[in-house]
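1. got a predicted structure here, sequence first:
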Amino acid sequence: MTLSDLKRRFLEYLEIEKGRSVRTVENYDHYLTRFITYVKHDDPKKLSETEIREYRLSLNRQPGTKIGRVTETLKRKTQNYHLIALRAFLKYLRKCDIASLNPERIELAKVGERELDLISSQELKRLLDAPDTKTEAGLRDRAILELLFSTGLRVSELCALSQEDVDLSRDEFSVRGKGEKVRVVFLSDMAKEAVRAYLKARKDFDDALFIQYGKNVERTKEKNGDLRLTPRSIQRIIKRYATLAGITRKVTPHKLRHSFATDLLSNGADLRSVQALLGHANITTTQIYTHVTDKHLRDIHKRYHSRR
């Protein structure tokens, strides 16, 4: 069986057996297609460490983001996405008893520690207060912002919500996240009030929790079957309110997720609990927030150590 045939089977395995999202499967397809095109053969037995090393060099020399007149090379993080996909593919071949290169021979590129560009508590307050709640669209936008900060939802999870998913008589609801994993998220009083006010103002019969407004709504409904907001729409909404709130740095839905996690940790939550609330499969992903716990420990040391 050829590499191309095995790649197709692997992608089906990811979608059906592992429950990966369509977007993830498409990304793996892109990364593996690039690799198979590079090696110029279709035989899994012929894959060698020399080919992998040369492929890594080619990735490192790939043009990436253009800044002004200078085009930078592909970021280490992006290079690693390619290598992670390749390693997962080789593990699948080994699982199927197909002779090929040992996946453990694929080493990831070293990347520097990730720094979070967080918004301050004052900026967050201005952002949450920015929507004009005298309009239905403003009530929607206030509910979106409050819900993102209250729950730490990913933007895709927020967009997928229907009205029936959120029971406002309770302080919690279930959400289906990455890998089809279900977790419970919790509503603050402010978030509940904002969502309740928005739903009370609505006069439509659309199932989606958050819907579009404007001139092209009928065309959107004909095309998509409902008026559900897209992740890109949410990104634009947040960008607009960040500007209105006088926040000069880039603000995204994911930055509100960071604010959610940071707020919990700075108020005493433990890392494992935050991992569960964010829906992280691995604690190492949550450890990007250790700067908060480190500061907390430093404050404790300064307050209680006898030689301060």
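-> Looks like it came in fine.
2. what sits against the spatially most central residue of the chain?
-> Centroid-nearest residue in the chain: residue 154, 5.6 Å away (criterion: C-alpha atoms, centre = their mean). For residue 154, the contacting residues are 177, 178, 253, 254, 257, 279, by C-beta atoms under 8 Å, 6 or more residues apart in numbering. Glycine gets a C-beta too; all of them are placed from N, C-alpha and C.
3. helices or strands up against whatever helix or strand residue 263 lives in?
-> Per DSSP states H and E, residue 263 falls inside helix 253-266. Helices and strands touching helix 253-266, as assessed by 3 or more C-beta pairs under 8 Å, 6 or more residues apart in numbering; DSSP states H and E, comprise helix 136-151, helix 155-160, helix 231-244, helix 271-278, helix 290-304.
4. mean pLDDT for the ones you listed: which is lowest?
-> Per-stretch mean pLDDT for those is lowest at helix 290-304 (a mean of 65).
5. could you chop the protein up by domain?
-> 3-105, 121-300 (automatic domain parsing).
6. buried among the contacts of residue 154? Need that as a selection in PyMOL.
-> Burial among the contacts of residue 154 is assessed by 16 or more other C-beta atoms under 10 Å; the matching PyMOL selection reads:
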select buried, resi 177+178+253+257+279
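7. in terms of secondary structure, what does the longest helix anywhere in the chain contact?
-> When the chain is parsed with DSSP state H, its longest helix is helix 76-95. Packing partners of helix 76-95 (3+ C-beta pairs under 8 Å, 6+ apart): helix 3-16, helix 22-39, helix 49-60.
8. contacting residues around it?
-> Contacts of helix 76-95 (C-beta under 8 Å, 6+ apart): 6-7, 10, 13, 27-28, 31-32, 34-35, 44, 47, 52, 56, 59-60, 64, 100-103, 106-111.
9. so it versus helix 49-60, what angle?
-> Using axes from the mean of the first three to the mean of the last three C-alpha atoms, to 10 degrees, the inter-axis angle of helix 76-95 relative to helix 49-60 is 150 degrees.
10. could you give me the buried positions within helix 76-95?
-> Buried residues in helix 76-95 (16+ other C-beta under 10 Å): 79-83, 85-90, 92-93.
11. would a markdown table of those with distance to residue 232 be doable?
-> Shown next, in a markdown table, are the buried residues of helix 76-95 (distance: C-beta to C-beta, whole Å):
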| residue | distance to residue 232 |
| --- | --- |
| 79 | 26 |
| 80 | 25 |
| 81 | 21 |
| 82 | 25 |
| 83 | 28 |
| 85 | 25 |
| 86 | 30 |
| 87 | 31 |
| 88 | 28 |
| 89 | 30 |
| 90 | 34 |
| 92 | 32 |
| 93 | 36 |
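12. from the residues you listed, which is closest to residue 132?
-> Using C-beta to C-beta, residue 81 is the member of the buried residues of helix 76-95 that sits closest to residue 132, with 40.2 Å.
13. so what pLDDT did the closest one get?
-> For residue 81, pLDDT reads 92.
14. 827 is where my numbering starts, stick with that
-> Shifting the count to begin at 827 puts that one at residue 907.
15. now it: how far from residue 935?
-> As judged by C-beta to C-beta, to the nearest Å, residue 907 and residue 935 stand 10 Å apart.
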